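A.B. asks: just to be clear, the model below is a prediction. Sequence and coordinates:
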Amino acid sequence: MWFEMHPWVFPAILGGIGICYIVFNILANIESKKQQRYISGIPFLGGIHILIAGLISPIKWLALLCVLDYTFWMFLYVVFLDGAFKKDKDKEKE
């Protein structure tokens with residue numbers, strides 16, 4: 001190729017897009033609480049962008065920043081904790 005792109009250009013662009021998705025999801029969550037309705041946003045997309053940006057960057061541990069996406073933690077909460085509490089409440093009703 002007649003020019004060489006700096007190794008941080010593409011990861012910085014992908015990481016910036018991922019951060020935008022995370023910020024928009026957080027803002028949508030705040031707005032949905034104000035309006036008392038549920039807006040899901042785009043779950044996992046910001047974290048996936050940051051994960052890919054970290055994996056193609058020269059410093060690979062930056063891929064761990066993908067856990068900053070709160071939808072990752074909400075998914076774990078819903079799958080493991082929220083379901084467990086609902087089962088206990090259902091047993092108490094019987």
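C.D. replies: Noted; the coordinates are in hand.
A.B. asks: which stretches of this structure have low pLDDT?
C.D. replies: Applying pLDDT under 70 to the chain picks out residues 1-4, 83-94.
A.B. asks: what residue lies at the spatial centre of it?
C.D. replies: The chain has residue 69 as the residue nearest its centroid, 2.8 Å off, counting by C-alpha atoms, centre = their mean.
A.B. asks: so that residue sits against residue 49, correct?
C.D. replies: No - the criterion here is C-beta atoms under 8 Å, and residue 69 misses it with residue 49 at 9.1 Å. Using the backbone N, CA and C atoms, a C-beta is placed for each residue, glycine as well.
A.B. asks: touching both of those two, which residues are there?
C.D. replies: Taking C-beta atoms under 8 Å, 6 or more residues apart in numbering as the contact rule, residue 69 and residue 49 both touch 18, 21.
A.B. asks: circling back: out of everything not next to it in sequence, what's closest to the residue nearest to the centre of the chain?
C.D. replies: residue 47 (3.2 Å; C-beta to C-beta, 6 or more residues apart in numbering).
A.B. asks: for that neighbour, phi and psi?
C.D. replies: phi -70, psi -40 (degrees, to the nearest 10).
A.B. asks: so residue 39: helix, strand or coil?
C.D. replies: Of the three states, residue 39 takes coil according to DSSP: H, G, I helix; E, B strand; the rest coil.
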